[in-house]
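Visitor: Fold the following and give me the result.
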Amino acid sequence: MAEEEMLDQEMTILTAKEAAEYLRVSLYTLKRMENEGGLIPFRTPGGHRRYSLRMLDEYLEKSRKSSRRRKSASEAEGP
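Guide: Now for the predicted structure:
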């Protein structure tokens, strides 16, 4: 990934609603993901949650990897 693209990703900040739409989850699920420690949003001075695009992409990548591991482990166990 080019340095400029990485900077754009880090500088792109989304609201909770936008982040939920990006991840294709509900606001409730987004909050649950935070409570479980999967995401740690930035807070505005007014207390609103903000998410960087990079943070969301890292979360997606991590969840894809753990999902693959769970699938491999269950396949190894067999019927």
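Visitor: So Ile40 lies in a strand, does it not?
Guide: No: counting by DSSP: H, G, I helix; E, B strand; the rest coil, Ile40 is not found in a strand; it is coil.
Visitor: which residues does it contact?
Guide: 34, 55 (Cβ atoms under 8 Å, 6 or more residues apart in numbering). Backbone N, C-alpha and C define where each C-beta goes, glycine included.
Visitor: May I ask which helix or strand of the protein has the lowest mean pLDDT?
Guide: One helix or strand of the chain scores below all others by mean pLDDT, DSSP states H and E: helix 3-11, with a mean of 62.
Visitor: next SSE after that one?
Guide: Following helix 3-11 in sequence order, the next helix or strand is strand 13-15 (DSSP states H and E).
Visitor: mind listing what's buried in that following strand?
Guide: Using 16 or more other Cβ atoms under 10 Å as the test for burial, strand 13-15 gives Leu14.
Visitor: tell me which strands and helices that strand is in contact with?
Guide: Using 3 or more Cβ pairs under 8 Å, 6 or more residues apart in numbering; DSSP states H and E, the elements in contact with strand 13-15 are strand 49-52, helix 53-77.
Visitor: what lines up beside that strand in the sheet?
Guide: Paired neighbours of strand 13-15 in the sheet (DSSP bridges): strand 49-52 (antiparallel).
Visitor: Give me the nearest residue to Tyr51, chain neighbours excluded.
Guide: Ala19 (4.2 Å; Cβ to Cβ, 6 or more residues apart in numbering).
Visitor: Tell me how far the helix or strand encompassing the one you found lies from the chain's centre.
Guide: In this assignment (DSSP H and E), Ala19 forms part of helix 16-23. Relative to its chain's centre, helix 16-23 lies at 9 Å (Cα atoms, centre = their mean, to the nearest Å).
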